[in-house]
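[1] Can you look at this prediction? I've put the sequence above it.
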Amino acid sequence: MTSNSPACVVQVRITEADFDAGEELQSLYARAPGDLGAVATFVGLVRDLAGDEPVSTLHLEHYPGMTERSIEAIVERAGERWPLLDVLVVHRVGPLAPRAQIVYVQTASSHRDAAFAAAEFIMDYLKTDAVFWKRESGPSGERWVESTAADRQRRGAWDGSDGAV
Amino acid sequence: MSTVQAREIRVLFFASLREAVETDTLSIDITGPVSLDELLARLKERLPPTAMTALTAENVRLAVNQTLINPPVMVQPGDEVAFLPPVTGG
């Protein structure tokens, strides 16, 4: 990926199935190289409120092929900034209930600063650049979700732009 | 390699645009390269005005063969053109 991390293993998985962070970590320990020293993991859950509106179901759709590549491009940018050994992104699609796990980001490095920063960077870019669409259903009907101004601001903070896409 | 020459463009609509167009895919027959404007004109023959308004909204992005593009571009027979409303993941 970069001169810093020539052997970074990158996996992107789009799936309707749930994931198990413990299993993913065990699998990482089994495959990771000897200089592994830090792993940051992030789990995103479906929230039961959108603003003040109750959410009963979040429907996620994607563009098979392009979605995977959009995430790989985000991970590649992270790999250019930090010396990463192994990155896994699992993103679920289909109908999801509140409290369902929706996204898993696992970044492994020799030291914690790279692992923490890369996980946050990847999540911030997933909000604005990953090719997914979300539709919330609740008692008052359905609506399509867009990234917020705050999402774009967080993403923009990484590259010094206003985050406009 | 197929020996049959592609003679159509596959057009995909996602999320809110699929709902506006009321289908996820249309095939447009063409015999050679066309501009996106020409492709839109061909879509206009098939779709109601409300759908065309949705497809040409400022926040809609276009992908050709799964790569985001900025018009103007030419598209070829065999290409896949996708209309993407604003994305969000995570």
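    Right, received. Where do you want to start?

[2] List the contacts of residue B:71.
    Shown in contact with residue B:71 (CB atoms under 8 Å, 6 or more residues apart in numbering or on different chains): B:36-37, B:62. In short, each C-beta sits where N, CA and C put it, glycine included.

[3] Pull out the buried members of those.
    By neighbour count, with 16 or more other CB atoms under 10 Å in any protein chain shown, those hold B:36, B:62 as buried.

[4] Just the contacts of residue B:71: which are in strands?
    In this view, those that belong to strands under DSSP state E are residue B:62.

[5] Helices along chain B, start to end?
    B:15-21, B:36-46, B:49-55 (DSSP state H).

[6] same check, this time on chain A
    For chain A, applying DSSP H gives helices covering A:21-31, A:66-81, A:112-129, A:149-159.

[7] buried set for the longest one?
    By neighbour count, with 16+ other CB under 10 Å as the criterion, the buried positions of helix A:112-129 are A:114-129.

[8] circling back to that earlier point, any chance of the contacts of residue B:71 in TSV, with pLDDT and distance to chain A too?
    Converted to TSV, those look like this (pLDDT from 0 to 100; distance: CB to the nearest CB, whole Å):
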residue	pLDDT	distance to chain A
B:36	93	18
B:37	93	23
B:62	96	12
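
[9] Which of the contacts of residue B:71 sits closest to residue A:18?
    Nearest to residue A:18 among these is residue B:62, at 33.7 Å by CB to CB.

[10] okay, now the closest residue to the closest one other than its chain neighbours: neighbour count?
    Leaving aside its sequence neighbours, residue B:62 sits nearest to residue B:69 (CB to CB, 6 or more residues apart in numbering or on different chains; 5.6 Å). Using other CB atoms under 10 Å in any protein chain shown, residue B:69 has 14 other residues around it.

[11] does residue B:69 really touch residue B:75, like I thought?
    No: taking CB atoms under 8 Å as the definition, residue B:69 is not a contact partner of residue B:75, at 9.2 Å.

[12] how about the lowest-mean-pLDDT helix or strand in chain A, does it reach chain B?
    Least confident helix or strand of chain A, by mean pLDDT, DSSP states H and E, is strand A:49-50 with a mean of 88. No: between strand A:49-50 and chain B, judged by CB under 8 Å from any CB of the partner chain, nothing touches; the nearest distance is 12.3 Å.

[13] How far does that strand sit from its chain's centre?
    In terms of CA atoms, centre = their mean, to the nearest Å, the centre of strand A:49-50 is found 20 Å from the chain centre.

[14] Give the pairing partners of that strand; include direction for each.
    For strand A:49-50, the paired strands and their directions (DSSP bridges) are strand A:53-54 (antiparallel).

[15] Average pLDDT for the partner strand, rounded please.
    The pLDDT scores in strand A:53-54 average 90.

[16] can you pull the contacts of residue 28?
    Going with chain A. By CB under 8 Å, 6+ apart, the contact set of residue A:28 is A:36, A:39, A:86, A:88, A:106, A:108.

[17] wrong chain, I was asking about chain B
    Residue B:28 sits next to B:8-9, B:11, B:39, B:42-43 when contact means CB under 8 Å, 6+ apart.

[18] ok, which of those residues also contact chain A?
    Here nothing survives when those are matched to chain A using CB under 8 Å from any CB.

[19] thinking again about what came up before, ok, the contacts of residue A:28 vs residue B:23, which is closest?
    Nearest to residue B:23 among the contacts of residue A:28 is residue A:88, at 35.4 Å by CB to CB.
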